[in-house]
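>>> Okay, here's the prediction I keep looking at, along with the sequence it came from:
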Amino acid sequence: MTYTWTFSDDFANQFQYFPDDQQNKVLDFTDVFTEHGLGDFSLYEGKISSSFSGNYMDQDDYNFALNNHLWHYHIGIPEYEQNHSKYKTSDWVLHFQWFDQGDSINIVDLYHHYDNEGNFYLPTERSLIILK
């Protein structure tokens, strides 16, 4: 099977200005995705999760994440932490859209897991592919 990924236009514009270590973390993720897809999360060093799971957001944010097929990957920035026996987490996450859990993803944002007010961070609509 062939697995493909894209950067949203907004993310592609930002990516060129990321420090090399951050670019490398993103490209490490895309390398694993291209080879294995997302059928087995254990192949990734960081935790992968839907952004619409858990009890950490209000209904509007939940609907936004669900309707836009948002997922996130703990990318290891600034470093990984082993808080669970099955996966590692980090302060920063890579947000991506995974439509119908298929063989393609759209990478949309790299940001702190939580915003300055302690809320789970979600990318803005301008970074997303919006399905009608």
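Okay, I see it. Worth saying up front: this structure is predicted, and the values here are computed from it rather than measured.
>>> Please name every helix or strand in contact with the longest helix belonging to the chain.
In the chain, assigned by DSSP state H, the helix with the most residues is helix 20-36. Other elements packing on helix 20-36 under the criterion 3 or more CB pairs under 8 Å, 6 or more residues apart in numbering; DSSP states H and E are strand 4-7, strand 92-97, strand 104-112. The C-beta positions use only the backbone N, C-alpha and C, and glycine is treated the same way.
>>> Format the ones you listed as a markdown table; extra columns: distance to Gly54 and mean pLDDT.
Formatted as a markdown table, those follow (distance: least, CB to CB, whole Å; pLDDT from 0 to 100):
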| stretch | distance to Gly54 | mean pLDDT |
| --- | --- | --- |
| strand 4-7 | 25 | 97 |
| strand 92-97 | 13 | 98 |
| strand 104-112 | 16 | 96 |
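>>> Format these as TSV; extra columns: mean neighbour count and distance to Leu43.
Shown next, in TSV, are the helices and strands packed on helix 20-36 (neighbours: other CB atoms under 10 Å; distance: least, CB to CB, whole Å):
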stretch	mean neighbour count	distance to Leu43
strand 4-7	15	15
strand 92-97	24	15
strand 104-112	20	15
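>>> Would you tell me which of those strands gets closest to Glu79?
strand 92-97 (9.9 Å; CB to CB).
>>> Who are the packing partners of that closest one?
Short answer (3+ CB pairs under 8 Å, 6+ apart): strand 92-97 packs on helix 20-36, strand 70-74, strand 104-112.
>>> The helix or strand that the longest helix of the chain is followed by pairs with which strands?
Once the chain leaves helix 20-36, the next helix or strand it forms, by DSSP states H and E, is strand 48-50. Here strand 48-50 is paired, per DSSP bridges, with strand 70-74 (antiparallel).
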